[in-house]
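>>> Take this sequence and fold it.
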Amino acid sequence: MSDAPDRADAREDGLGGLAFAFRHCEDLVRAGDPDRYFATLFAPQGARPHLFALYAFSLTIARVREAASNPMAGEIRLQWWRDALQGEARGDVKANPVAAALLDAIVARRLGRQPFVDLIDARVFDLYDDPMPRLNDLEGYCGETASALFRLASLILCDGAEPGGAAAAGHAGVAYGITGLLRALPWHARGGQVYLPADVFRAHGVTREDIVTGRGGPGLRGACADLRADARRHLAAYEAERATILPAARAAFLPLALVEGYLAAMERPGYDPLNTPIETARWRRLWRLWRGSRAAG
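Down below sits the predicted model:
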C-alpha cells in the first residue's frame, strides 16, 4: 500500500488511504472483538472510525503472541508499534492500515501517545508463560489493558477533552477484563497460558498443571467463582462512579452491559471452566447494548 494521502482526500478515496484503513479496522474488530464492535454501533457515527481504530490496535497487539514464533519475535513486533507511535519506525508506517487509522485518531482527537505505549508495554506479559502471582497483579494487568481502553475511548468521544470518570474506567476495566479472561480460559489453558492469579488457585488447591493439562476439578470451579465475585465488586464500584462520566463519554462504557450476562452464564449447572464456551446470542447482545445505551442517555 502506498503512502496515505492527506486526510481530506483519503476520506473521498474508496480504494485506499484512510478510507481503506478505517474499513480494515472496522472489519478486524467485527471479526475479532464482536462485543466492542456491536457496542460501537451505538456510539455517535462520527466517532466510530476512530473507536474502531483504537479497538483494532488493541486487538492487534493482543494477538502478537499468536502471530510471533517466539517471545523475542513478539518483542520485536511490539517494539515496531512503539516506534510507530513515537515517530521512530523505519519505512512507511502508514502502509499498515491499523497504524494509519490509529495515528489519524491520535491527531484528530488530540490524544497523547504515551497511553498507547503503556498499553503496548502491558502486553509484553502476554508473550511469556510467567504466572500471574496475585489477584492484585491481575487487577493491575486489567487496569493497564481493559481500563486503558475505556479511558481512551472516552477521550475519543470527547475530542481529547477530560471525559471524567477516571475511577469509573479503572473499575470498568477490571470487571470487563476478569470476565473476558474467564471466558477465554479454555483457549489460554490450551496454549499454556494462565492469566488468572496463583494465590486464588492455591486457596482452592489448584495448580497450574491442573489448568494447562485440562484436569480442572472442583477447586477450579471454586477459584473461578471467587474471581466472578471480584468482577462483580468492581462492576458495583463502577456503578457507584458512573455519574462522574460526562454524558458525551458514556457510550465508551457500553460493553459493560454484557458482563453480568456472561457471569450469570458461568453459574449455570454443568459449567466447566475449561470446556464450556460462554457466548450470548447476537440478538440478546444487541438488546442488552440497546438497553445500556438508553440507560446512559
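>>> Tell me where the stretch 1-150 of the chain has helices.
7-12, 17-32, 34-40, 48-62, 64-67, 71-85, 97-108, 114-122, 135-142, 148-157 (DSSP state H, counting those that start in this stretch).
>>> So which bits of the lengthiest helix in the chain are buried?
Longest helix in the chain, counting residues (DSSP state H): helix 218-241. Across helix 218-241, burial judged by 16 or more other CB atoms under 10 Å covers 219-221, 223-224, 226-228, 230-232, 234-235, 237-238, 241. Backbone N, C-alpha and C define where each C-beta goes, glycine included.
>>> In a markdown table: the helices of the stretch 1-150 of the chain, plus mean pLDDT.
Putting the helices of the stretch 1-150 of the chain into a markdown table (pLDDT from 0 to 100) gives the following:
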| stretch | mean pLDDT |
| --- | --- |
| helix 7-12 | 38 |
| helix 17-32 | 96 |
| helix 34-40 | 97 |
| helix 48-62 | 98 |
| helix 64-67 | 94 |
| helix 71-85 | 96 |
| helix 97-108 | 96 |
| helix 114-122 | 97 |
| helix 135-142 | 97 |
| helix 148-157 | 98 |
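>>> Can you check the pLDDT for the residue most central in space within the chain?
In the chain, the C-alpha nearest the mean C-alpha coordinate belongs to residue 146, at 4.8 Å (CA atoms, centre = their mean). We have a pLDDT of 98 for residue 146.
>>> Quick check: it touching residue 180?
Yes: Residue 146 lies in contact with residue 180 (CB atoms under 8 Å); the separation is 7.2 Å.
>>> secondary structure class for residue 277?
coil (DSSP: H, G, I helix; E, B strand; the rest coil).
>>> Please tell me how far it sits from residue 81.
Remark: distance between residue 277 and residue 81 (CB to CB, to the nearest Å) = 30 Å.
>>> Can you pick out the residue with more neighbours from the two?
residue 81 (24 against 8; other CB atoms under 10 Å).
>>> gap between stretch 45-61 and the chain center?
Relative to its parent chain, stretch 45-61 has a centroid offset of 11 Å by CA atoms, centre = their mean, to the nearest Å.
>>> Then stretch 106-123?
14 Å.
>>> Equivalent analysis for stretch 286-297, please.
20 Å.
>>> what is the rounded mean pLDDT of it?
For stretch 286-297, the per-residue pLDDT averages 89.
>>> List the buried residues for that stretch?
So, applying 16+ other CB under 10 Å, buried residues of stretch 286-297: 288, 289, 292, 293, 296.
>>> Find me the pLDDT at the closest residue to the third one other than its chain neighbours, would you?
With CB to CB, 6 or more residues apart in numbering as the measure, residue 257 is the residue that lies nearest to residue 292, at 3.2 Å, once sequence neighbours are left out. The predicted local distance difference test score for residue 257 is 97.
>>> OK, contacts around residue 257?
Contacts for residue 257 (CB atoms under 8 Å, 6 or more residues apart in numbering) come out as 39, 288, 289, 291, 292.
>>> could you redo the last one with a cut-off of 7 Å?
288, 289, 291, 292 (CB atoms under 7 Å, 6 or more residues apart in numbering).
>>> Same question for residue 288.
For residue 288, the contacting residues are 257, 258, 261, by CB under 7 Å, 6+ apart.
>>> Narrow those to those in helices?
The helices, defined by DSSP H, take in residue 261 from the contacts of residue 288.
>>> tally of neighbours for the residue lying closest to residue 255 once chain neighbours are set aside?
What sits nearest to residue 255 in space, not counting adjacent residues and going by CB to CB, 6+ apart, is residue 39, at 4.6 Å. Residues contacting residue 39 under the criterion other CB under 10 Å number 27.
>>> wait, residue 39 sits on residue 254?
Yes: in this structure residue 39 lies within contact range of residue 254 using CB atoms under 7 Å: 4.0 Å.
>>> Pull up the overlap in contacts between these two.
Joint contacts of residue 39 and residue 254 (CB under 7 Å, 6+ apart) are residue 289.
>>> from memory residue 256 sits against residue 177, does it?
No: counting by CB under 7 Å, residue 256 stays clear of residue 177, with 11.2 Å between them.
>>> hmm, back to that, any chance of TSV for the contacts of residue 288, columns distance to residue 18?
TSV is the format used below for the contacts of residue 288 (distance: CB to CB, whole Å):
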residue	distance to residue 18
257	30
258	30
261	35
